[in-house]
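>>> sequence first, then the predicted structure:
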Amino acid sequence: MFTIRYWQKELTFEYPFTISKGTKTHQPTFIVELNFRGILGYGEAPAIAYYGITTDQMAADLEAKRKFVESFSLTDPKRFWHFLHHLFPNNPFLVCALDMAGWDIYGKLRRKPLYELWNLNLDKAPKTDYTIGIDSLEKMLEKIDAHPAPIYKIKVGTADDLAKLKAIRQHTNAIIRVDANAGWTLEQAIQILPVLEELNIELIEQPLAKEDFEGTKILTTKTSIPIFADESCIGEKDVEKCAGYFSGINIKLTKCSGITPALEMIKKARSLNLQVMLGCMNESSIGSAPMAHLAPLVDFLDADGPLLLKDDLGAGINFVDHQLKTSTLPGLGITPLLDLL
């Protein structure tokens, strides 16, 4: 039996965060606390406008079916996720937050951090990138100077993408990834590809519209740069669709509905010879903690949410030379900063 508390927060970005879909200065996020026989578990799901789910919607859906969640007896987090998936079929974000909290409790019941339950070594995790949002070139270079990093993810999708990328490459020897958030047409991408190869771009994330699989397949024949699906790969059912069209997939816990489906998506991707990136949606440390535990399973990591925000809502994870580290505490290893909630 559970008791539930939750909070709706607005987290401030250090810089206005712009992608091809728009600009935001704050990240709305939903934090949930499950109390299972005195053991507390925490989860988080940010609200993303272009997925049409708000924190108000998460709260309303949870309140409408609170009694069903509170009556669940936790024995297995995977079983809990299946229960939630059927209870909230149209709100994967809420399912994600509750699934995280369920895994947090499960780890605490077993008295082990999740990475130990999964027999993983955090030292084998890839380093995370640091994201530079669309801005003037001067501002983008200022952000790079203010945040030295071994890997940068550069948001693109404007008319002067190439000029900016050339200047950024002259400015830094760091690894560079680009993320168009579906902001290019096929014709634009074909023209851009040769220059991206000259600039030694590590990977390209979602260059075309999410439904343009055939266009993406054309791009993969014209470049050796890996092309990753983001908006084209939401949940487990989409992984197989991406095989043969993309080089890899970007799994985001919020959009796929939590840790449980992410584990299955990683297995499915490996069986299809797809590379795997684990991505964030600007979560605080609460929602980023699961990524630290899952990171040894993936090839690329984009878990810089806490680095992009002025505010944080949890303690227990750290960035050591941009490798995400968690505490040795059981469960997620995260301690919510309740005074901020």
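Nice, thanks for sending it over. Residues are numbered from 1 along each chain as shown.
>>> how about residue 185, phi and psi?
Per-residue torsions, residue 185: phi -90, psi 170 (degrees, to the nearest 10).
>>> how many neighbours does it have?
13 (other CB atoms under 10 Å). For every residue, glycine as well, the C-beta is placed using N, CA and C.
>>> that one contacts residue 208, doesn't it?
Yes - the criterion here is CB atoms under 8 Å, and residue 185 meets it with residue 208 at 7.3 Å.
>>> can you list the weak-confidence ranges in the stretch 1-150 of the chain?
Scanning the stretch 1-150 of the chain for pLDDT under 70 picks out nothing.
>>> the stretch 151-300 of the chain: helices as residue ranges?
For the stretch 151-300 of the chain, applying DSSP state H, counting those that start in this stretch gives helices covering 161-171, 186-198, 213-222, 236-242, 253-256, 259-271, 285-294.
>>> contacting residues around the second one?
Contacting residues not belonging to helix 186-198 are listed as 161-162, 165-166, 178, 180, 184, 204, 207-208, 212, 215, 218-219, 222-225 [CB atoms under 8 Å, 6 or more residues apart in numbering].
>>> go again using 6 Å as the cut-off
By CB atoms under 6 Å, 6 or more residues apart in numbering, the residues outside helix 186-198 that reach it are 162, 207, 215, 219, 222-223.
>>> farthest pair within the residues you listed?
162 and 215 (19.4 Å; CB to CB).
>>> now the most centrally placed residue in the chain. Nearest residue, chain neighbours left out?
Residue closest to the average C-alpha location in the chain (CA atoms, centre = their mean): residue 280, at 1.9 Å. Nearest residue to residue 280 in three dimensions, chain neighbours excluded: residue 305, at 4.4 Å (CB to CB, 6 or more residues apart in numbering).
>>> so how far is the strand or helix carrying residue 56 off the chain centroid?
Taking DSSP states H and E as the definition, one finds residue 56 inside helix 55-64. Distance of helix 55-64 from its chain centroid, counting by CA atoms, centre = their mean, to the nearest Å, is 22 Å.
>>> give me the contact list for whichever helix or strand comes after that helix.
Going down the chain from helix 55-64, the next helix or strand is helix 66-70, by DSSP H and E. The contact list for helix 66-70 (CB under 6 Å, 6+ apart) reads 2, 87.
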